[in-house]
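Peer 1: sequence? don't have it. structure:
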């Protein structure tokens, strides 16, 4: 298993712990359905994913998953409040056009929202920029800037500020060190490589 | 150099222009390993009375159909293919060695193709109300000995579904592995899933709609008016070889435009002129290739389609509105047990992506397992007949996936 794949698994396991068995889950930016397949298998959830790319939707369908090709905000607007038990936004939030809009809409259609993101305040990322003076590249962000999708890198401190500002209740946090495995005991914005938040309407 | 001249040379994927496309001449093409080969239509006759949704009845009916592959021991590997407005039961294979064209969905159906006939028992029938061998307005009314004409009961999509269910019962099908249809065929698929929820395990709905827009109804109405305003229509009472040929051809020409797209027509015809048009501009003869193409479409259509059937089937399409009949689309879909795959096409402006999305979203709101995928094409409504490896992968994946989840970390 490559380092990247290993990190993916860790992400899944933390989210898996938070997801209630047999619940109705919506995965925003579902990719090829790895996380949904895991949750269906481990937690018997009923999962639906949304993504923009035909090939990824096709991969989900081939795995026996429900997936919808289209814009995630437009998708959520088609559902009544509380339709989903949990909305998951795993490593998608930094690529959204309107992150606040998506998060608030996800909190409307979902009773809970799990957001997972790479912490760009992690010390290695800071040093990377400081000493190399280049766009961050690591096991997760492997590509140079000109081969990358538009991204809006954020830090744990940024996200905490956002939740406070929008009066979003943080039900649970998981801050993981650079190995994305070991819990980070102190100074998460500096020492955590990955962060997971479990949010609810205030 | 661009090919000019004879229209039959255009590569063509249109729904039903039987004469318009000539397959490359190869004596053994029907023996290609992934084709179902030479096939023969058969007739199923239901001897008992059949009552339509309208309350009207016929003493019996016939459906012309074809099957490919074999029904398995558990009788649960059947895949029903549903055709569009002017399609028919011949969706794969060839009728003879000299046959100029295979069935209309031959690219999708066959041994090792996306709908794999080594695995599935594929059934396709001409709809009730049609004119390709199934009972419809051009059939003889046993009570009078003459064609039914407009005395034929009004046909709805549900009547088509119920008639095809009787055929499947006759064939011994215990459950449908899947029902697949594009355009009107998608309506039939949806209604199969609604009306026979335990029987229908999967549905694929392509380039379809849960209720036509005013624009689509308007186009159908112009087609019907073209037929009905033709004096030869004579209130639907016309001899088999006669009838409103001019009106039907015009209806077809107009409808055909709605199956294409602006970009697709531009790519296919542009402003190119026919060679035979010469330099003469001051004439109303067909000068542009698109003109002679449409004229050809109209002419070939009148040789194989009955004008009254056109009226009946377009009416059935217009009336299809399960949301209205049930209060909402979610309520209409409530009985469905099938898993659903809905596919829209970006350039389809007759049943546009939005209307296909609406089907998938209503299924999801109703708590059903449903997926929506959208292909970028410039072929318009007829895109569902596209030769596309991506589309094949999607359909094969939906039909063949195992029930148990295989978790791998492939990225």
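Peer 2: Good, I have the coordinates. Since the model is a prediction, treat every value here as computed from it, not as a measurement.
Peer 1: OK, contacts around the closest residue to chain A within the stretch 301-411 of chain B?
Peer 2: Chain A sits closest to residue B:397 of the stretch 301-411 of chain B, with a gap of 3.0 Å, by Cβ to the nearest Cβ. C-betas here are computed from N, CA, C, even on glycine. Shown in contact with residue B:397 (Cβ atoms under 8 Å, 6 or more residues apart in numbering or on different chains): A:58, A:59, A:61, A:62, A:63.
Peer 1: pick the one among those residues closest to residue B:116.
Peer 2: residue A:62 (14.4 Å; Cβ to Cβ).
Peer 1: just the pLDDT for the residue lying closest to the closest one once chain neighbours are set aside.
Peer 2: Nearest in space to residue A:62, with sequence neighbours left out and distances taken as Cβ to Cβ, 6 or more residues apart in numbering or on different chains, is residue B:397 at 3.0 Å. Model confidence at residue B:397, given as pLDDT, is 97.
Peer 1: need phi/psi at residue A:27.
Peer 2: Dihedral angles of residue A:27 (phi, psi; degrees, to the nearest 10) stand at phi -110, psi 110.
Peer 1: right, and it touches residue A:47 too?
Peer 2: Yes: Residue A:27 lies in contact with residue A:47 (Cβ atoms under 8 Å); the separation is 6.2 Å.
Peer 1: burial check on the residue in chain A that chain B sits nearest to, number of neighbours?
Peer 2: Nearest residue of chain A to chain B (Cβ to the nearest Cβ) works out as residue A:62 at 3.0 Å. Per other Cβ atoms under 10 Å in any protein chain shown, the neighbour tally for residue A:62 reads 18.
Peer 1: same deal with residue A:14?
Peer 2: 20.
Peer 1: in which helix or strand does it reside?
Peer 2: Element membership for residue A:14, per DSSP states H and E: helix A:3-18.
Peer 1: state the pLDDT value of the residue nearest the centre of chain B.
Peer 2: Central residue check for chain B by Cα atoms, centre = their mean: the C-alpha nearest the mean position is that of residue B:84, 1.9 Å away. Here the pLDDT value assigned to residue B:84 is 98.
Peer 1: nearest spatial neighbour of it, skipping sequence neighbours?
Peer 2: residue B:183 (3.9 Å).
Peer 1: would you mind measuring from the one you found to chain A?
Peer 2: Distance, residue B:183 to chain A, using Cβ to the nearest Cβ, to the nearest Å: 20 Å.
Peer 1: check contacts around that residue.
Peer 2: Residue B:183 makes contact with B:15, B:84, B:85, B:206, B:207, B:208, B:350, B:351, B:381, B:384, according to Cβ under 8 Å, 6+ apart.
Peer 1: which strand residues bridge residue 176?
Peer 2: Let's take chain A. In this structure, residue A:176 bridges to residue A:183, residue A:194 when assessed by DSSP bridges.
Peer 1: hmm, no, I was thinking of chain B.
Peer 2: Counting by DSSP bridges, residue B:176 forms beta bridges with residue B:78, residue B:200.
Peer 1: how about it, what does it touch?
Peer 2: By Cβ under 8 Å, 6+ apart, the residues touching residue B:176 are B:78, B:79, B:80, B:168, B:192, B:196, B:199, B:200, B:201, B:202.
Peer 1: redo that, cut-off 7 Å
Peer 2: Residues counted as contacts of residue B:176 (Cβ atoms under 7 Å, 6 or more residues apart in numbering or on different chains) are B:78, B:80, B:199, B:200, B:201.
Peer 1: so the first one makes contact with residue B:117?
Peer 2: The reference is to residue B:78. No: if you go by Cβ atoms under 7 Å, residue B:78 and residue B:117 don't touch, sitting 11.5 Å apart.
Peer 1: what segments of the stretch 151-300 of chain B are helices?
Peer 2: Assigned by DSSP state H, counting those that start in this stretch, the stretch 151-300 of chain B shows helices spanning B:157-170, B:184-195, B:214-228, B:245-259, B:262-268, B:289-302.
Peer 1: how distant is the third one from the center of its chain?
Peer 2: Per Cα atoms, centre = their mean, to the nearest Å, the displacement of helix B:214-228 from the mean C-alpha position of its chain is 18 Å.
Peer 1: what's next to it, contact-wise?
Peer 2: By Cβ under 7 Å, 6+ apart, the residues outside helix B:214-228 that reach it are B:233, B:244, B:247-248, B:250-251, B:254-255, B:258, B:307, B:310-311, B:314, B:317-318, B:350.
Peer 1: which of those sits closest to residue B:157?
Peer 2: For these, the nearest to residue B:157 is residue B:317 (7.5 Å; Cβ to Cβ).
Peer 1: count of residues packed around the closest one?
Peer 2: Residues lying near residue B:317 (other Cβ under 10 Å) number 20.
Peer 1: excluding chain neighbours, give the residue nearest to it in space.
Peer 2: Nearest non-adjacent residue to residue B:317, counting by Cβ to Cβ, 6+ apart: residue B:184, 5.3 Å away.
Peer 1: these two touch, right, that neighbour and residue B:319?
Peer 2: No: the pair residue B:184 / residue B:319 is not scored as a contact, 11.6 Å apart, by Cβ under 7 Å.
Peer 1: those two: which is more packed in?
Peer 2: Between residue B:184 and residue B:319, residue B:184 has the larger neighbour count (other Cβ under 10 Å), namely 26 against 18.
Peer 1: against chain A, how distant is that one?
Peer 2: Separation of residue B:184 from chain A (Cβ to the nearest Cβ) stands at 23 Å.
Peer 1: per-residue pLDDT, that residue?
Peer 2: Taking residue B:184 on its own, its pLDDT is 98.
Peer 1: OK, contacts around it?
Peer 2: Residue B:184 neighbours (Cβ under 7 Å, 6+ apart): B:84, B:85, B:317.
Peer 1: hang on, the earlier thing: got a PyMOL select line for the buried ones in the contacts of helix B:214-228?
Peer 2: Per 16 or more other Cβ atoms under 10 Å in any protein chain shown, the buried members of the contacts of helix B:214-228 correspond to this PyMOL selection:
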select buried, chain B and resi 233+244+247+248+250+251+254+255+258+307+310+311+314+317+318+350
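Peer 1: how about the nearest residue to the residue of the stretch 101-250 of chain B found nearest chain A, chain neighbours excluded?
Peer 2: Chain A sits closest to residue B:204 of the stretch 101-250 of chain B, with a gap of 10.3 Å, by Cβ to the nearest Cβ. Computed as Cβ to Cβ, 6+ apart, the closest residue to residue B:204 that is not its neighbour in sequence is residue B:180, at 4.3 Å.
Peer 1: what does residue B:324 give?
Peer 2: Excluding its sequence neighbours, the residue lying closest to residue B:324 (Cβ to Cβ, 6+ apart) is residue B:211, at 7.1 Å.
Peer 1: ok, now which ones touch that neighbour?
Peer 2: By Cβ under 7 Å, 6+ apart, the residues touching residue B:211 are B:320, B:321, B:323.
Peer 1: which ones among the residues you listed lie within helices?
Peer 2: In helices, judged by DSSP state H, the following of the contacts of residue B:211 are found: residue B:323.
Peer 1: if we can go back for a sec, so who does the residue nearest to residue B:204 touch?
Peer 2: Neighbouring residues of residue B:180 by Cβ under 7 Å, 6+ apart: B:79, B:81, B:82, B:189, B:204.
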